[in-house]
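> Sequence first, predicted model second:
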Amino acid sequence: MNTPPNGTAQHSSRHDGAPDGKPAREKEGHRQEKDSHAHPKSPAPDTSPNFADRHRTGMPLGKLAIGLLVVLGIAALVLIPRLHHNKELKKSTQEMAVPTVTVIHPTVGAQKVTLTLPANVQAFYDAPIYARTNGYLKKWYVDIGTPVKQGQLLAEIETPEVDQQLLQARASRDQAVANLALAKTSADRWVGLLKSNAVSQQEVDEKTGDLAARQADLAAAQANVGRLESMQSFQKLVSPFDGIVTARQTDVGALIDSTSAGRALFRVAQIGTLRVYVMVPEAYSSSITPGMQAQVALASSPGQAPTGQVVSTAGSIDPTARTLLTEIQVPNPDGKFMPGGYAQAHFDIVLPHPPLIVPANTLLFRTEGSQVGIVNGDHDIELKKVHIGRDFGTTVEITEGLSPDDWIVLNPSDSLAAGIKVNPQEKKADDKGQGQSQGGAAPKADQKQDQK
């Protein structure tokens with residue numbers, strides 16, 4: 001029996017017992033359909049001719065993309081922190097390049113203040129007594145501290161030369177009187193002779209002219225006698241007013257010279273009322289008016305401050321010192337307050353424009369004058385010229401040049417100049433030292449400047 005081919009044998013085995021193989025194919029089809037419902041088919045593989053080519057080109061591109069992503073990730077991890085660090089370093093360098101300054105607001109002074117100013121105390125009258133004649137001091141009758149009355153004798157001077165000159169002048173006067181009498185007799189006689197034509201008119205005129213000359217000589221002699229008698233009266237030195245002798249600068253036997261080279265022999269002062277002179281600064285001159293009261297504290301009388309009254313002012317500012325000379329009169333009936341000393345005058349005044357108070361260590365003293373450094377809204381330095389009022393030691397008054405809203409640089413350096421960019425830091429109220437701030441926060445720059 002011949003063996004059939006493989007395909008025929010297999011086909012026969014799968015469809016054994018079924019004619020033409022149909023029942024077997026139907027059974028096989030039903031089984032496959034059942035399996036397809038139980039296990040869905042996977043997509044059929046692509047068996048097209050381009051599949052292999054696409055597979056060969058796609059695999060390297062994917063790896064390249066993955067590698068590129070890995071490289072970018074590593075670069076990001078390395079470069080981003082470094083860029084951030086460089087940015088922070090640049091910012092820090094820029095901030096360190098801008099100097100930091102401490103700023104404060106000026107303090108507004110009180111409107112009602114007690115103005116204390118130095119003063120000089122003088123006697124109401126104070127006169128040096130000079131000699132008006134030459135000679136030697138014969139005797140003095142008063143010494144320092146002696147109360148005297150007007151016209152009281154202070155000293156006597158011996159004037160032998162003046163005495164002799166007076167005697168001579170009196171003799172000359174007597175001679176002039178005799179000459180005048182003779183001239184008068186001669187003139188009368190010659191006038192009588194003219195009536196009988198015994199003498200000429202010329203001779204009569206000569207005699208009458210001689211009479212007039214003798215009359216003039218007598219007047220001159222009399223005046224000379226009066227002058228010398230007045231000089232002789234200066235032998236006695238008397239007090240010009242009631243007061244006290246504050247100085248005696250001569251002694252018995254001293255040479256007295258009446259020329260300009262001579263010195264005062266005595267000094268007499270009237271101290272029943274004292275004059276106190278005060279130089280009021282120009283900024284406060286409008287607050288000082290005649291009639292207002294003032295307390296005067298004298299260094300010679302500690303613990304005592306008599307009350308005086310402003311009687312007058314100079315009415316003009318001294319162009320050199322920029323002050324107003326003011327006179328205060330203080331009653332001193334018992335003489336316990338002494339003239340010539342130092343005093344302090346206290347005025348209670350109301351200021352129409354209170355000054356600003358700043359620490360003394362905010363001032364700049366340069367060739368342009370007194371200045372302060374101001375920080376503006378752009379954090380730039382501005383230098384303002386100011387006028388200084390009273391000096392309290394650690395603080396000073398500023399009468400002109402500042403406003404309460406200004407931010408002043410505290411402890412400015414010598415290199416501080418206008419236009420410098422700075423970083424202002426406000427002085428806190430609890431900080432130690434001078435210059436506590438009275439305002440708000442430190443000035444902020446504009447938003448554009450901040451962004452820059």
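Perfect, thanks for sending it.

> contacts and neighbour counts: CA atoms only from here.
Will do.

> So the closest residue to Glu282 other than its chain neighbours versus Ile357, what's the distance?
Counting by CA to CA, 6 or more residues apart in numbering, Glu282 lies nearest to Thr323, which is 5.0 Å off, once chain neighbours are set aside. Distance of Thr323 to Ile357, computed by CA to CA, to the nearest Å: 21 Å.

> Then Ala119?
24 Å.

> how about the helices in the chain?
For the chain, the helices defined by DSSP state H cover 6-14, 22-38, 51-97, 160-195, 201-233, 447-451.

> could you check the distance from the residue nearest to Asp257 when sequence neighbours are not counted over to Pro240?
With sequence-adjacent residues excluded and distances taken as CA to CA, 6+ apart, Asp257 is closest to Asn134, at 5.1 Å. Separation of Asn134 from Pro240 (CA to CA) stands at 20 Å.

> same thing with Ile104?
Ile104 is 62 Å from Pro240, where distance means CA to CA.

> Please say which of the two ends up with more neighbours.
Ile104 (31 against 16; other CA atoms under 10 Å).

> Would you mind confirming that that one makes contact with Asn411?
No - here Ile104 does not reach Asn411: they are 10.7 Å apart, not a contact under CA atoms under 8 Å.

> Of Thr323 and Ile357, which one has the most company?
Ile357 (24 against 19).

> Show the contacting residues for the more buried one.
Pro106, Thr107, Val108, Gly109, Thr395, Val396, Glu397, Ile398 (CA atoms under 8 Å, 6 or more residues apart in numbering).

> now Asp163
Per CA under 8 Å, 6+ apart, neighbours of Asp163: Leu228, Gln232.

> From Pro240, how far off is Pro147?
From Pro147 to Pro240 the distance is 13 Å (CA to CA).

> ok so, going back, find me the pLDDT at the residue nearest to Asp257, would you?
Looking at Asn134, its pLDDT is 86.

> For it, give its distance to Asp251.
From Asn134 to Asp251 the distance is 15 Å (CA to CA).

> Those two: which is more packed in?
Asn134 (22 against 14).

> Can you give me every residue that contacts the more buried one?
Thr159, Val162, Leu255, Ile256, Asp257, Ser258.

> Domain map for the protein?
126-248, 270-350, 355-451 (automatic domain parsing).

> could you dump these to JSON lines with distance to Pro99?
Below are those laid out as JSON lines (distance: least, CA to CA, whole Å):
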{"stretch": "domain 126-248", "distance to Pro99": "62"}
{"stretch": "domain 270-350", "distance to Pro99": "36"}
{"stretch": "domain 355-451", "distance to Pro99": "5"}
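
> mind checking which of those domains is nearest His84?
domain 355-451 (17.6 Å; CA to CA).

> State the mean pLDDT of that closest one.
Mean predicted lDDT for domain 355-451 stands at 78.

> Repeat that for stretch 337-349.
92.

> Give the buried residues for that stretch.
Neighbour-count burial for stretch 337-349, with 16 or more other CA atoms under 10 Å as criterion, is recorded at Phe337, Met338, Pro339, Tyr342, Ala343, Gln344, Ala345, His346, Phe347, Asp348.

> Give me the residues contacting that stretch.
112-123, 271, 274, 278, 287-288, 293-301.

> For Asp188, give its distance to Lys63.
The value you get for Asp188 to Lys63, if CA to CA is used, is 168 Å.

> hmm, back to that, any chance of a markdown table for the buried residues of stretch 337-349, columns distance to Ser415?
Output for these, formatted as a markdown table (distance: CA to CA, whole Å):
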| residue | distance to Ser415 |
| --- | --- |
| Phe337 | 53 |
| Met338 | 52 |
| Pro339 | 50 |
| Tyr342 | 42 |
| Ala343 | 42 |
| Gln344 | 40 |
| Ala345 | 41 |
| His346 | 41 |
| Phe347 | 41 |
| Asp348 | 42 |
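
> so who does Glu161 touch?
By CA under 8 Å, 6+ apart, the neighbours of Glu161 are Gly135.

> ok, so what distance separates it from Phe266?
23 Å.

> cool, and Ala123?
15 Å.

> Let me see the contact set for the residue nearest to the spatial centre of the chain.
Centre of the chain computed as the mean C-alpha position; nearest residue by CA atoms, centre = their mean is Ile388, 1.5 Å away. Ile388 is in contact with Ser370, Val396, Glu397, Ile398, Thr399, Glu400, counting by CA under 8 Å, 6+ apart.

> For it, name its beta-bridge partners.
When bridges are called by DSSP bridges, Ile388 pairs up with Ile398.

> Might you list the low-confidence residue ranges for this protein?
Along the chain, the parts satisfying pLDDT under 70 run over 1-60, 86, 91-97, 260-261, 428-452.

> repeat that for 50
Low-confidence segments of the chain, defined by pLDDT under 50: 1-27, 34, 36-42, 49, 51-52, 55, 57-58, 430-440, 445-452.

> one step back: now do the contacts for the residue nearest to Glu282.
Met279, Val280, Pro281, Glu282, Ser285, Ile317.

> quick check: longest strand of the chain.
If you go by DSSP state E, the chain has its longest strand at strand 112-129.

> Identify the neighbouring strands of it in the sheet and state each direction.
strand 266-281 (antiparallel), strand 342-350 (antiparallel).

> Surely Val148 is in contact with Val238?
No - using CA under 8 Å, Val148 is not in contact with Val238; the gap is 9.4 Å.
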